[in-house]
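*Asks:* generate a structure from the sequence data that follows.
(chains A, B and C)
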Amino acid sequence: MPEGPEIRRAADRVHKQLAGRRLEHVWFYFPDLAKEAASLIGREVSAVDSWGKALLTRFEGGRVLYSHNQLYGVWKLHDAEREPDTGRSLRVRLVAEGRAASLYSASDVSLWEESRLGEHPFLSRLGPDLLTHGVTVEQAISRLQTARFRRRGLGGLLLDQALFAGIGNYLRSEILFFAGLHYKTKPGDLEEVVLARLARAILEVTRQAYDQAGVTNRPDWAAADRRLGAPRRRWRFAVFERDGLPCHVCGTPIERTSVASRRLYYCSRCQLQPGSTPST
DNA sequence: GCTGCATGATGAA
DNA sequence: TCATCCTGCAGCA
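*Replies:* Numbering: from 1, shown residues only, chains lettered A, B, ... in the order given. Now for the predicted structure:
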């Protein structure tokens, strides 16, 4: 569950499982944290939320557990008595009133004092979270026009967590496709109306990924692909991982390239390179 | 069994 | 921009 929307969904699930309940057992794989586990017993889990791809579990008394799943971490919810059947390595287990949440495989976990969370090396560099910080289209536009962002190509820029926290590699391709923009486009070169279209795509695609559990494809396109019996990875996205397949809008085969050392998918006809004119 | 790749991020150059 | 770390897994012997 790697990108922001999926981390948000994980946070929701852990929140529902533990929030308002008192911890009776805490286990950490990491030696530094293991020493502190006992100090959390008896505290209530006050809330679980996320900021970009970071998940924050907050405890009564101002303690916060930071965890980052990177590419492979996963939270599992279960009864305290029942060990989940997974071959993965357990990193964190929180048990409150018989209910448990276990984090597997993640390697970036740390415990913080709420008041010092601003000093966290990763969190301190994050831009606003598109889902939790209620970013508006107007705010997104003005952020894209900020001096330190406006001169950078969107392909690299969208992955920069300092712009907006939570956008990852599949959202990048999807957002650019729905905005009809090429990855080399720079926000500073865009007319107001196009910039607004980009800002809306950023917000809407991210919101849809959250609502639809990571499905960013347009519902009717996804339904059509699904009817053809395509596997999930083929109908989940509008362009991502669809290289060679026809664009849903114009039929041109989707292309794959590499931008900022990550794969990026786009339609060369719907997402024209800045300065080029459409061919007929 | 081994290799390469992954929805991520860092640090050196 | 590149190598590197983290871990799991798909694909291929």
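*Asks:* nearest spatial neighbour of the residue of chain A found nearest DNA strand B, skipping sequence neighbours?
*Replies:* Using Cβ to the nearest atom of the strand, the single residue of chain A nearest to DNA strand B is A:Gly168, 2.2 Å away. For the C-beta atoms, the positions are set from N, CA and C on the backbone; glycine is no exception. Take A:Gly168 and drop its neighbours on the chain: the residue closest to it by Cβ to Cβ, 6 or more residues apart in numbering is A:Glu3, 3.5 Å away.
*Asks:* next: A:Val259.
*Replies:* Residue nearest to A:Val259 in three dimensions, not counting chain neighbours: A:Gly155, with 3.7 Å by Cβ to Cβ, 6+ apart.
*Asks:* is it correct that that neighbour is in contact with A:Ile175?
*Replies:* No - applying Cβ atoms under 8 Å as the test, A:Gly155 and A:Ile175 come out as separate, 10.7 Å apart.
*Asks:* SS state for A:Val92?
*Replies:* Secondary structure, DSSP: H, G, I helix; E, B strand; the rest coil: A:Val92 is strand.
*Asks:* how close does it sit to A:Leu190?
*Replies:* In this structure, A:Val92 and A:Leu190 are 43 Å apart, going by Cβ to Cβ, to the nearest Å.
*Asks:* same question, A:Gly61
*Replies:* Distance of A:Gly61 to A:Leu190, given as Cβ to Cβ: 47 Å.
*Asks:* so for those two, which sits in the more crowded spot?
*Replies:* Just comparing A:Gly61 and A:Leu190: by other Cβ atoms under 10 Å the higher neighbour count belongs to A:Leu190, 21 against 13.
*Asks:* in stretch A:240-249, what's buried?
*Replies:* Within stretch A:240-249, the residues that count as buried by 16 or more other Cβ atoms under 10 Å are A:240, A:242, A:247-248.
*Asks:* contact partners for A:Ile167?
*Replies:* With contact taken as Cβ atoms under 8 Å, 6 or more residues apart in numbering, A:Ile167 is in contact with A:3-4, A:130, A:158-159, A:161, A:175, A:202, A:206.
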